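Colleague: Any chance you can model this:
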Amino acid sequence: MHRSSFRSWQARPSGLSAEELRLQVQVKAAHKLSGGSAGARTVATIVSREGEKLSRYRATKAMKDAGLVSRQPPKKGYVPAHKAHAEIKNHLQREFSPVRPNQVAVANSPSTFN
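Modeller: All right, here's what the predicted structure looks like:
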């Protein structure tokens, strides 16, 4: 490492500046407002609407420095039915070809055949 690079690194301020601290607070508030699901683009949009100019790249860095990660809510899982189907009486006895019209009626509701 060059001596000048080391001296330059050594002369840097070690803490956050007031602007960086204010930006980090705004980014944390925007992330919390979204319930923790907002990524850098959404955080940048939310903060920009409040008046602070923020690009998604700067939002990415601020989120990384603050330890914020976008967490999407889980999708709804498949829940199997307790009963697969309703018992319907077999009135036609598998005779699907009636002899004359209007002899057999078919409906969706099992209560029609009672």
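Colleague: give the contact list for the residue most central in space within the chain.
Modeller: If you average the C-alpha coordinates of the chain and look for the closest C-alpha using CA atoms, centre = their mean, you land on Q72, 3.9 Å from that point. Counting by CB atoms under 8 Å, 6 or more residues apart in numbering, Q72 touches S37. Any C-beta I mention is one placed from the backbone N, CA and C, and that applies to glycine too.
Colleague: if I look at it, how far off is S34?
Modeller: In this structure, Q72 and S34 are 11 Å apart, going by CB to CB, to the nearest Å.
Colleague: Just the C-alpha atoms of the helix or strand that contains K61, please, in PDB.
Modeller: Assigned by DSSP states H and E, K61 belongs to helix 56-66. Extracted C-alpha coordinates of helix 56-66, given in PDB (Å, rounded to 0.1, in the frame of the first residue of the first chain):
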ATOM      1  CA  ARG A  56     -31.700   3.400  -5.500                       C
ATOM      2  CA  TYR A  57     -27.900   2.900  -5.400                       C
ATOM      3  CA  ARG A  58     -27.500   5.300  -2.500                       C
ATOM      4  CA  ALA A  59     -30.500   3.600  -0.900                       C
ATOM      5  CA  THR A  60     -28.800   0.200  -1.300                       C
ATOM      6  CA  LYS A  61     -25.700   1.500   0.400                       C
ATOM      7  CA  ALA A  62     -27.700   3.100   3.300                       C
ATOM      8  CA  MET A  63     -29.700  -0.100   3.700                       C
ATOM      9  CA  LYS A  64     -26.600  -2.200   3.800                       C
ATOM     10  CA  ASP A  65     -24.900   0.100   6.300                       C
ATOM     11  CA  ALA A  66     -28.100   0.000   8.500                       C
END
